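[1] this is a predicted model, with the sequence first.
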Amino acid sequence: MAVASSSSVKHENGQFEAAPASNARAFLWIATATLTGAIVMAMELTAFRLYAPYFGNSIYVWGTMISVVMVALAGGYGLGGWIADRWPDDAVLFWIVLGSGIYQLLIVFVERAVLLKLWQMGDSTGPTLATVIIFGPPMTALAITSPFVIRLLVREGHVGITVGRVFALSTAGSIAGVLGTSFYLVPALGSRMTLQILCGASIVIGVGGLMTRRRSAVLLLTFAGLLFVVPAPKAPATVIWSGESVYNRIQVVESHGFRILVLNDSRFFQTIEKVGSASSGFYLDGFALGPVIVPAKNLLVLGMGAGRSIKVTRAVAPEIDVNAVEIDPEVVRVAGEFFGLPKNDPRLHVHVADARPWLAAHEAKSDLVHVDLFQGGPYVPFYLTTVEFFRLVRARMTDGGMLIVNVYDAGRKHELLESMGATLKVVFPSVEKLAVEGGSHILFAFAEKRDVVETAARLKEGGSFAPEWVRDLAQKAAGEIAEFVPPEGAVVFTDDRAPIEEMTRRMLVEKRGNEAAK
């Protein structure tokens, strides 16, 4: 480099050293560290939502992704110090930031193709490779900023104050990035547009810092303009609506005569119904057995989704009063718009809330309780599977009431099913099980002691007043329902220890192995 910039001078030994900077220049450097800190955290949060349709949103995806991000940041900090010592010229810094933005721009074009290539690699390998490819390089580049800025500012000799100030402001930027992404960018604009905004911000910072160089304004306009020609990925023809909420990526799919609600992980559905038919043929039909087995005047639904369990219950008990709890307001809206959930039904009360806190705050008792709390895939939030949770559910049930729980366990050993049943047995005197197609199982837990023979008799006789498809379902269930007896050593889930995600992960690995062997 023949000529040093205004922010550095060259010593006789050929090394560059920081020269005194103007207050405006110092402000620009610190602002850069603050803004890049915000971008890094915004990218990290966006990654969670970006990955959900491909890898799910289990703790394994979170842990893997965060670990790779931390490696990228550590590498960027170390590399930033090394580069800054050799070329303490802010032009180098802004070229690096601009390079990060250019890489992000390329990723915006190809991220979907990359994720489609990796999605079958599981919830550890897939997110690891995805993060290395999509977020590793730009995050490493942006992490260079803080040590570089510190190097530029230490000319005054106040190293401690300088380091503290830069990291404090960078952290403040990170906080702003977390809050802005969590409460506005992703919910309001979606993950893809959020990535484009972060890309544009990186380019603006890089080029803005280079504005004293010629043609920088042209570069800014060129790269910023490219963001407006990024083609939005075309949704499959089967997707009739898609969007994002604070909690989920949501799709409404119509295929082969079925309408399906998909939350996050596209390999699993939350609700499925057959268009023009009261019966879908899937596990949710089993909730119609509730009023066949026990007389019920009111129903509590924890995890409403699109309201399918309410529909099938009302096919048997049309006058039943329903309280339904659903954490995602956008799912509630979709249920009304695409799945026919009544909006002005005086016998239906929908509460937008998390199931467990809502239960703790409401003391009304119900004859029937539905629990279907999978979070857009095969994983269930652990605190909704524990003894403490089911004790709270039992306290909200009448003495003759019944709880129906959906459990997805496609594994050969049924480890997860056995633990869920064992947990219920701690709270309820009688638990019965019914296998459904596709790895789904239904557990029936009774507030009072009950013989499975009585349940079978009710299914054989009590379905006579129900629609034909419910009678057929009840007759089949009468011959298959069985008392649940927990095996010795089955894990009982508690708030202190509930390894349900570990069990679910083992089950999914086994399931993938079985599918690959076919």
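    Nice, I can see it.
[2] from now on I want contacts and neighbour counts done on CA atoms only, so please keep to that.
    OK.
[3] same for the regular element (helix or strand) spanning residue 208, what does it pack against?
    Taking DSSP states H and E as the criterion, residue 208 maps to helix 191-209. Helices and strands touching helix 191-209, by 3 or more CA pairs under 8 Å, 6 or more residues apart in numbering; DSSP states H and E, are helix 23-55, helix 90-118, helix 216-226.
[4] these: which one's closest to residue 286?
    Closest to residue 286 of these, according to CA to CA: helix 23-55, at 26.8 Å.
[5] tell me the angle of the closest one relative to helix 191-209?
    160 degrees (axes from the mean of the first three to the mean of the last three CA atoms, to 10 degrees).
[6] avg pLDDT for helix 23-55?
    For helix 23-55, mean pLDDT rounds to 87.
[7] quick one: buried residues of that helix?
    Buried residues in helix 23-55, counting neighbours by 16 or more other CA atoms under 10 Å, are found at 26, 28-55.
[8] ok, stretch 66-85 next?
    Buried residues in stretch 66-85, counting neighbours by 16+ other CA under 10 Å, are found at 66, 68-69, 72-77, 79-81, 83-85.
[9] for stretch 503-516, same thing?
    So, applying 16+ other CA under 10 Å, buried residues of stretch 503-516: 503-505, 507-508, 510-511.
[10] one more: stretch 387-400?
    Neighbour counts over stretch 387-400 (16+ other CA under 10 Å) mark 387-390, 392-398, 400 as buried.
[11] tell me the one of those residues nearest residue 449?
    residue 400 (9.4 Å).
[12] let me see the contact set for residue 273.
    Contact partners of residue 273, counting by CA atoms under 8 Å, 6 or more residues apart in numbering, are 258-260, 279-280, 308.
[13] related to what we said a few turns ago, the buried residues of stretch 387-400 into TSV, with extra columns for secondary structure, distance to residue 498 and pLDDT?
    Listed next are the buried residues of stretch 387-400 as TSV, based on DSSP: H, G, I helix; E, B strand; the rest coil; distance: CA to CA, whole Å; pLDDT from 0 to 100:
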residue	secondary structure	distance to residue 498	pLDDT
387	helix	10	96
388	helix	11	96
389	helix	12	95
390	helix	13	97
392	helix	17	96
393	helix	18	97
394	helix	19	97
395	helix	21	96
396	coil	23	96
397	strand	24	97
398	strand	27	96
400	strand	29	93
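[14] same list (these) but as JSON lines, adding distance to residue 195.
    Converted to JSON lines, the buried residues of stretch 387-400 look like this (distance: CA to CA, whole Å):
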{"residue": "387", "distance to residue 195": "41"}
{"residue": "388", "distance to residue 195": "40"}
{"residue": "389", "distance to residue 195": "38"}
{"residue": "390", "distance to residue 195": "41"}
{"residue": "392", "distance to residue 195": "41"}
{"residue": "393", "distance to residue 195": "41"}
{"residue": "394", "distance to residue 195": "45"}
{"residue": "395", "distance to residue 195": "46"}
{"residue": "396", "distance to residue 195": "44"}
{"residue": "397", "distance to residue 195": "46"}
{"residue": "398", "distance to residue 195": "50"}
{"residue": "400", "distance to residue 195": "53"}
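[15] of all the residues you listed, which comes closest to residue 441?
    Nearest to residue 441 among the buried residues of stretch 387-400 is residue 390, at 17.8 Å by CA to CA.
[16] residues in contact with that closest one?
    Here residue 390 is in contact with 384, 424, 427 (criterion: CA under 8 Å, 6+ apart).
[17] give me that answer again for 10 Å
    When contacts are counted by CA atoms under 10 Å, 6 or more residues apart in numbering, residue 390 is found next to 356, 383-384, 396, 403, 423-428, 494.
[18] what do you get for residue 309?
    So residue 309 contacts 271, 283-288, 290, 301, 303, 370-372 (CA under 10 Å, 6+ apart).
[19] just the ones of the contacts of residue 390 in strands?
    Per DSSP state E, strands hold the following members of the contacts of residue 390: residue 403.
[20] in this structure residue 159 contacts residue 153, no?
    Yes: the pair residue 159 / residue 153 is scored as a contact, 8.4 Å apart, by CA atoms under 10 Å.
[21] which one of the two has more residues nearby?
    residue 153 (24 against 14; other CA atoms under 10 Å).
[22] give me the element that one is part of.
    Residue 153 belongs to helix 145-153, assigned by DSSP H and E.
[23] run the chain-centre distance for stretch 483-491.
    Distance of stretch 483-491 from its chain centroid, counting by CA atoms, centre = their mean, to the nearest Å, is 31 Å.
[24] that older thread, quick check, nearest of the buried residues of stretch 66-85 to residue 117?
    residue 68 (18.8 Å).
[25] about what we covered before: wait, which of the helices and strands packed on helix 191-209 is closest to residue 275?
    Closest among the helices and strands packed on helix 191-209, using CA to CA: helix 23-55, at 24.5 Å.
[26] I'd like the next helix or strand past the closest one.
    Per DSSP H and E, the first helix or strand lying C-terminal to helix 23-55 is helix 59-86.
[27] and that next one, what does it pack against?
    Judged by 3 or more CA pairs under 10 Å, 6 or more residues apart in numbering; DSSP states H and E, helix 59-86 is in contact with strand 16-18, helix 23-55, helix 90-118, helix 122-134, helix 136-143, helix 145-153, helix 500-517.
[28] residues of the fourth one that come out buried?
    Judged by neighbour count using 16+ other CA under 10 Å, the buried positions of helix 122-134 are 122-123, 125-132, 134.
[29] redo the residues you listed as JSON lines? Include distance to residue 249 and pLDDT.
    Below are those laid out as JSON lines (distance: CA to CA, whole Å; pLDDT from 0 to 100):
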{"residue": "122", "distance to residue 249": "19", "pLDDT": "75"}
{"residue": "123", "distance to residue 249": "18", "pLDDT": "76"}
{"residue": "125", "distance to residue 249": "22", "pLDDT": "88"}
{"residue": "126", "distance to residue 249": "19", "pLDDT": "87"}
{"residue": "127", "distance to residue 249": "17", "pLDDT": "89"}
{"residue": "128", "distance to residue 249": "21", "pLDDT": "92"}
{"residue": "129", "distance to residue 249": "22", "pLDDT": "93"}
{"residue": "130", "distance to residue 249": "18", "pLDDT": "92"}
{"residue": "131", "distance to residue 249": "19", "pLDDT": "92"}
{"residue": "132", "distance to residue 249": "23", "pLDDT": "93"}
{"residue": "134", "distance to residue 249": "19", "pLDDT": "93"}
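[30] next, format those as a markdown table and append distance to residue 340.
    Below are those laid out as a markdown table (distance: CA to CA, whole Å):
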| residue | distance to residue 340 |
| --- | --- |
| 122 | 35 |
| 123 | 34 |
| 125 | 40 |
| 126 | 37 |
| 127 | 36 |
| 128 | 40 |
| 129 | 41 |
| 130 | 38 |
| 131 | 39 |
| 132 | 43 |
| 134 | 39 |
